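Undergrad: got a sequence here, can you model it:
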Amino acid sequence: METINNSPKNLLRQEAKLAVKSFDFKKVSPLIVEILASSKPFLDAQSILFYWPMKHEVDLKTLLELALQEGKKCYLPKTLAQGHDFIPALALVHSLEQRLIKGHLGNFEP
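TA: Numbers count the residues shown, from 1 in each chain. All right, here's what the predicted structure looks like:
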């Protein structure tokens, strides 16, 4: 028999999940990219760590493409398996056409 946990923390977590699912990331992603692309930290950066967006995340691929065009070193997180352990690492991105695979944790990585 499954018990329902109605603790304030669990209810808040459920509300957050519903809010994320109903949020229009495709609509706001270009606006966020525009703001970030004109920000001083982005303009000054020589190297930037990005992430490859999952379903309910802001899509920064156009910002990644812009950074590559500007000659910035761009990285994506990568997880290396070592036995039962996962070691976090960084992979240099050369282009958006670079082949990505589904990693050990379900995210796409070089």
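
Undergrad: from here on, contacts and neighbour counts on C-alpha atoms
TA: Noted.

Undergrad: does the residue positioned nearest the centre of the chain count as helix, strand or coil?
TA: For the chain, the residue lying nearest the average C-alpha position, counting by Cα atoms, centre = their mean, turns out to be Tyr51 (3.3 Å). In three-state terms, and counting by DSSP: H, G, I helix; E, B strand; the rest coil, Tyr51 is coil.

Undergrad: name the nearest residue to it, ignoring sequence neighbours.
TA: Spatial nearest neighbour of Tyr51, chain neighbours left out: Leu76 (5.5 Å); criterion: Cα to Cα, 6 or more residues apart in numbering.

Undergrad: phi, psi of that neighbour?
TA: Note on Leu76: its backbone torsions stand at phi -120, psi 150 [degrees, to the nearest 10].

Undergrad: so what's it up against?
TA: Leu49, Phe50, Tyr51, Trp52, Leu90, Ala91, Leu92, Val93, Glu109, Pro110 (Cα atoms under 8 Å, 6 or more residues apart in numbering).

Undergrad: ok, now with 10 Å
TA: Residues counted as contacts of Leu76 (Cα atoms under 10 Å, 6 or more residues apart in numbering) are 48-52, 64, 89-93, 108-110.
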